[in-house]
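**Q** What follows is a predicted protein model with its sequence.
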Amino acid sequence: MPNRASNFFKNIVHSEEFEEYLQLFPNNIGAAGYDPWGFNIKGIKNTYIFGKFLYEKFFRVEAFGLENIPKEGRVLVVPNHSGQLPLDGVLAGYAMLTNPYSPRIPKAMVERFFPTVPFVGNWLGSVGSVVGDPYNCQKLLEKDEAIIVFPEGVRGSGKLFKDRYKLQRFGNGFMHLAMKHEAPIVPVGIVGCEESIISFADIKPLAKLLGIPYFPLALPIILPTKVYIHFGRPLHFENDIYHEREVKMRVNIIKKEINDLIELGLSKRKSIF
Amino acid sequence: MESNKKKIMVTGAAGALAQKVINRLKRDYKVIAVDFRTKIDLGIPVESYKVDFNKRIFEDVFRDHQFDGVIHLGRISASESNRFTRYNANVMGTKKLLDLCKKYNVPRVLVLSTYFVYGASPFNPSLLDEKTPIKAADLTMDLVDSVELDNLANIYMYKHPELNISILRPCNVAGPGVKNTFSKLLASKSAPVLWGFSPLMQFIHIDDMRDAICLAFEKNIPGLYNVAPSDYIGFQDAVRQSNCRFIQIPSIPPSLTEAISKFLKMETLPPFLLNFYRYPVIIDGSLFAKTFGFQPKKSLEDIFNYYKEVK
């Protein structure tokens, strides 16, 4: 018990240091401590302790290729998506925040229904989540932010256990934005989150009734799987094509990169836990 | 000397913002103050009228004065009247005013709209600029008059460029004398907040808004402009910093919140604005700031300190 208490207080002290650490980042924050998307120092400071626990203790994350994230300027970080809850986003975000090569506070594009959920919407906004709208993404890129985008959207986060590590259809929006705003794309392969919440079925009528994208028939626990995150090399695409089918081809290049990074993660993994 | 001054009409003269604008401009202009609610005494040299824009007698004001400009700040807010009266006053009244401006060759018109026209939707992206479609009418019928007024001004702006219309859509105007919903809320001892929601908000001090109006009117660069500072605060933080006690209102299901709002009939929690207590409507004021070199002087802290002191 004393040990537990001392660890708790260590975390609090750490979080104060962390506040100073956060001041190092330019994040378009106004005098009241908020940026235009609701991100605020208080919010991320409180969540940092939770993120640290998830990252270091619960999922024991090993991250590779962190040197590939540009030190500054606009960038789209594009991982695979899974796990019913956006835990993969939290872990990728934490890895970027504590990146020893070039720490960044990323913004993460989230499903549109989150702002309608009391507490959750506010909390997500306060730690840097942004409604997944191309307009938001465009404004963020104009302000040279680092953005985590999941092009699979709810198709990825809501997929069933049997479909693990099968990339779902990617939207083209992120590629259009990357080309238009000359933003590099960093592909990311995340291994481990796909088994953290095991879903056997999607109860669609219940999801419809509750106004949420899916309702998983899942084990009511989060499993402490071991997570591997591989950040790939940044890819640049010129804004020089006109047809949607050509955009799709470029999206498929990213998809293949992510698949390769997932394979790399799976080859490193000795056990799910 | 007085007769050499340009002559301007300022509507909504009974409101705090209009009075600040009049006081700022009366030195350089001959100001005619107009309001449909009351005839106000702003002292010499401001001439004042109480007149309904929809009555024929309103045209006499234009017949008696050749205006060099009109600043249209008068609008009945939703808390002041019913939907029908508001529509007549705000929409039909504005149409009459703009028609008279055209008929009497007024070369400069400024119309005050509101950021409410964007509507509080959970899907709103942040930093809505002037090209963003306005959706408030989709979300609540009680803001139809605000949307129509804004649309009307836009139509006249393009159809009658000789009027040189500028339309300003400010964020929440706050400070001494302001009687809009959020200002009344911050001035009250106890403020309603929806459980689990603290939408990001923007506030502009009434003095800064006065400056913005005067600047836009005098610089005469017609167009549609959002007016807001680049500073933001969570609603519950704003309430806390204004020293209000929280009245927690259940937020789910939304129908329960609406029923509570209708039952309580609180001025500071009107049913048609409930979504503004849930979802952020953050506007991008950079076009106005850049075009007019505008920078608000008062901070959010100044605004909340005022509300703290009035308690």
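**A** Received, thanks.

**Q** Could you use CA atoms for every contact and neighbour count after this?
**A** Fine.

**Q** buried residues in whichever strand or helix holds residue A:263?
**A** Per DSSP states H and E, residue A:263 falls inside helix A:244-268. Neighbour-count burial for helix A:244-268, counted by 16 or more other CA atoms under 10 Å in any protein chain shown, picks out A:247-248, A:250-251, A:254-255, A:257-266.

**Q** ok, residues contacting that helix?
**A** A:79-80, A:165, A:167, A:170, A:172, A:175-176, A:187-191, A:228-232, A:241 (CA atoms under 8 Å, 6 or more residues apart in numbering or on different chains).

**Q** filter the residues you listed to the buried ones?
**A** A:79-80, A:165, A:167, A:170, A:172, A:175-176, A:187-191, A:228-232.

**Q** if you look at the residues you listed, which of them are in strands?
**A** Among these, DSSP state E puts A:79, A:187, A:188, A:189, A:190, A:191, A:228, A:229, A:230, A:231 in strands.

**Q** a markdown table please, covering those and showing distance to chain B.
**A** Compiled in a markdown table, these are given as follows (distance: CA to the nearest CA, whole Å):
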| residue | distance to chain B |
| --- | --- |
| A:79 | 22 |
| A:187 | 25 |
| A:188 | 26 |
| A:189 | 28 |
| A:190 | 28 |
| A:191 | 31 |
| A:228 | 32 |
| A:229 | 29 |
| A:230 | 30 |
| A:231 | 28 |
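
**Q** Can you tell me which of the residues you listed is nearest residue B:302?
**A** Comparing those against residue B:302 with CA to CA places residue A:79 closest, at 43.5 Å.

**Q** got the contact list for the closest residue to the closest one other than its chain neighbours?
**A** With sequence-adjacent residues excluded and distances taken as CA to CA, 6 or more residues apart in numbering or on different chains, residue A:79 is closest to residue A:188, at 4.2 Å. By CA under 8 Å, 6+ apart, residue A:188 lies in contact with A:77, A:78, A:79, A:80, A:229, A:230, A:231, A:232, A:258, A:261.

**Q** Tell me, how many residues neighbour the residue in the stretch 51-200 of chain B that chain A sits nearest to?
**A** Closest residue of the stretch 51-200 of chain B to chain A, CA to the nearest CA: residue B:196 (4.3 Å). Residues lying near residue B:196 (other CA atoms under 10 Å in any protein chain shown) number 21.

**Q** From the chain's centroid, how far away is the helix holding residue A:263?
**A** Taking CA atoms, centre = their mean, to the nearest Å, one finds the center of helix A:244-268 at 17 Å from the center of the full chain.

**Q** And stretch B:193-204, by the same measure?
**A** For stretch B:193-204, the separation from the chain centroid amounts to 19 Å (computed by CA atoms, centre = their mean).

**Q** Tell me which residues are up against it.
**A** A:36-38, A:118-122, B:170-174, B:228-229, B:231-237, B:246-251, B:276-282, B:296, B:298, B:300.

**Q** can you rerun that using 7 Å?
**A** A:38, A:118-119, A:122, B:171-174, B:228-229, B:231-236, B:246-251, B:277-282, B:300 (CA atoms under 7 Å, 6 or more residues apart in numbering or on different chains).

**Q** so where do the helices sit in the stretch 1-150 of chain A?
**A** Assigned by DSSP state H, counting those that start in this stretch, the helices in the stretch 1-150 of chain A fall at A:2-22, A:41-52, A:87-97, A:120-126, A:134-142.

**Q** Check what pLDDT residue 23 gets.
**A** Because you didn't say which chain, this covers chain A. Per-residue confidence (pLDDT) for residue A:23: 69.

**Q** ah, I was thinking of chain B
**A** 94.

**Q** Please list the residues of chain A that sit near chain B.
**A** Counting by CA under 7 Å from any CA of the partner chain, the residues of chain A close to chain B are A:30-32, A:34-38, A:112, A:115-116, A:118-119, A:122, A:131, A:133, A:135-136.

**Q** again, 8 Å this time
**A** Residues of chain A lying close to chain B (CA under 8 Å from any CA of the partner chain) are A:29-38, A:112-113, A:115-116, A:118-122, A:131, A:133, A:135-136, A:139.

**Q** Can you select the buried ones from the residues you listed in PyMOL?
**A** The following PyMOL line selects those of these that are buried, judged by 16+ other CA under 10 Å:
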select buried, chain A and resi 29+30+32+33+34+35+36+37+38+112+115+116+118+121+122+131+133+135+136
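
**Q** re earlier: next, check the contacts of stretch B:193-204 against the helices and list the overlap.
**A** Among these, DSSP state H puts A:122, B:235, B:236, B:300 in helices.
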